[in-house]
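Trainee: Just a sequence and a predicted model for now, questions to come.
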Number of protein chains: 2
Amino acid sequence: MSPMKKALEVAQEALTRGEVPVGAILVKGSEILALAGNRVEGDEDPTAHAEILVIRQGAIALQETRLVDCDLYVTLEPCAMCAQAIAHARIRRLYFGAYDPKGGGVEHGAKVFDRETCHHKPEVYGGLEEEKSAQMLKDFFQKRR
Amino acid sequence: MSPMKKALEVAQEALTRGEVPVGAILVKGSEILALAGNRVEGDEDPTAHAEILVIRQGAIALQETRLVDCDLYVTLEPCAMCAQAIAHARIRRLYFGAYDPKGGGVEHGAKVFDRETCHHKPEVYGGLEEEKSAQMLKDFFQKRR
């Protein structure tokens, strides 16, 4: 299974826990270092986005604060918090699913990686499995209304 | 002791642990909800900035992901990661010490709170105990070179 398909599975699991359905996976070569869905509600932690969780897990797994040669897959365009965390962690490549014009911080809004204050810019690939990611989020927010 | 002076003490403690000397404190009215210094190295966690740590602790203390009516004091201008976390947590007021032209995300670079993708903007007061905060950081980085 492709890493992004796996991330979608994890997003689906987050959905069943009542969380905003976003999933992330951190890989190094062919090894999966970490997998996580959004846990903001479950962990009562406003910073517990999927990306932050896999970065934390990955750093512990590698015993390094810089995740050199690691790639992160996430089903939604990261917000500014997660984008800057990705930069701090020196992630090599970022692959994301749906674009997020309302809350994204990579291609929208803060555009964190495009600023002089950002000291590491990963390679960025957006739009992988975009429709499935976007549909899952759309269904979630429609039900909540 | 003023909250910012307390945050400076916590920054000093972070320094003795070999961390970048930044300290933060989260308050609600006259109650201190959380105190933390940078723990990136000690926790082996690239996201363990002082602001993220006090937000996490505060959310657990209040059993709420939205820290309504809470104010955050930090000795250095928050980076984009921490600024967006502050927005997610709905912090009421942000007070910071030294301005950070190289890595800040509030008054510099990503200017997170000024973007349409930011759905909560705290009141922001910069430059409290600015010189002491800046000097501590300057000394730290000069020694590391």
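Mentor: Everything's here; your move.
Trainee: pLDDT (mean, whole number) over the strand or helix carrying residue A:35?
Mentor: Applying DSSP states H and E as the criterion places residue A:35 in strand A:31-37. The average pLDDT within strand A:31-37 is 98.
Trainee: Output it as PDB - backbone C-alpha positions only.
Mentor: The C-alpha coordinates for strand A:31-37 follow below in PDB (Å, rounded to 0.1, in the frame of the first residue of the first chain):
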ATOM      1  CA  GLU A  31      10.600   2.000   6.900                       C
ATOM      2  CA  ILE A  32       7.500   3.400   8.500                       C
ATOM      3  CA  LEU A  33       8.800   5.400  11.500                       C
ATOM      4  CA  ALA A  34       5.400   6.700  12.700                       C
ATOM      5  CA  LEU A  35       1.700   6.800  11.900                       C
ATOM      6  CA  ALA A  36      -0.900   9.000  13.500                       C
ATOM      7  CA  GLY A  37      -4.300  10.500  13.100                       C
END
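Trainee: Strand partners (parallel or antiparallel) of it?
Mentor: Strands that pair with strand A:31-37, judged by DSSP bridges, come out as strand A:23-28 (antiparallel).
Trainee: Show residues contacting the partner strand.
Mentor: A:3, A:6-14, A:32-38, A:50-51, A:53-55, A:57-58, A:62, A:67, A:69-75, A:91 (C-beta atoms under 8 Å, 6 or more residues apart in numbering or on different chains). (Each C-beta comes from the backbone N, C-alpha and C, glycine too.)
Trainee: Can you say which of those residues are buried?
Mentor: A:3, A:6-11, A:13-14, A:33-38, A:50-51, A:53-55, A:57-58, A:62, A:67, A:70-75, A:91 (16 or more other C-beta atoms under 10 Å in any protein chain shown).
Trainee: Give me the subset of those residues that lies in strands.
Mentor: Members of the buried ones among the contacts of strand A:23-28 lying in strands (criterion: DSSP state E): A:33, A:34, A:35, A:36, A:37, A:70, A:71, A:72, A:73, A:74, A:75.
Trainee: So which bits of the helix or strand harbouring residue A:87 are buried?
Mentor: Assigned by DSSP H and E, residue A:87 belongs to helix A:80-88. Buried residues in helix A:80-88, counted by 16+ other C-beta under 10 Å: A:80, A:81, A:82, A:83, A:84, A:85, A:86, A:87, A:88.
Trainee: Intersect those residues with the contacts of chain B.
Mentor: Among those, the ones lying near chain B by C-beta under 8 Å from any C-beta of the partner chain are A:80, A:81, A:82, A:83, A:84, A:85, A:88.
Trainee: tell me the contacts of the second one?
Mentor: By C-beta under 8 Å, 6+ apart, the contact set of residue A:81 is A:47, A:49, A:52, A:105, B:80, B:81, B:82, B:83, B:84, B:85, B:88.
Trainee: likewise residue A:85?
Mentor: By C-beta under 8 Å, 6+ apart, the residues touching residue A:85 are A:51, A:52, A:55, B:46, B:47, B:81.
Trainee: Let's see the pLDDT reported for it.
Mentor: 98.
Trainee: Also residue A:145?
Mentor: Confidence score, pLDDT, at residue A:145: 74.
Trainee: how much space between it and chain B?
Mentor: Residue A:145 sits 16 Å away from chain B, going by C-beta to the nearest C-beta, to the nearest Å.
Trainee: What's the separation between that residue and residue A:138?
Mentor: In this view, residue A:145 and residue A:138 are 11 Å apart by C-beta to C-beta, to the nearest Å.
Trainee: how many other residues sit next to the spatially closest residue to residue A:55 that is not a sequence neighbour?
Mentor: Closest residue to residue A:55 apart from its sequence neighbours, by C-beta to C-beta, 6 or more residues apart in numbering or on different chains: residue A:89 at 4.9 Å. Using other C-beta atoms under 10 Å in any protein chain shown, residue A:89 has 27 neighbouring residues.
Trainee: Test my guess that residue A:89 contacts residue A:57.
Mentor: No. Using C-beta atoms under 8 Å, residue A:89 makes no contact with residue A:57, being 11.3 Å away.
Trainee: still on that earlier bit, of all the contacts of residue A:81, which comes closest to residue B:114?
Mentor: Of all the contacts of residue A:81, residue B:114 sits closest to residue B:83, with 10.1 Å by C-beta to C-beta.
Trainee: mind listing what that closest one touches?
Mentor: Here residue B:83 is in contact with A:80, A:81, B:105, B:106, B:110, B:112, B:113 (criterion: C-beta under 8 Å, 6+ apart).
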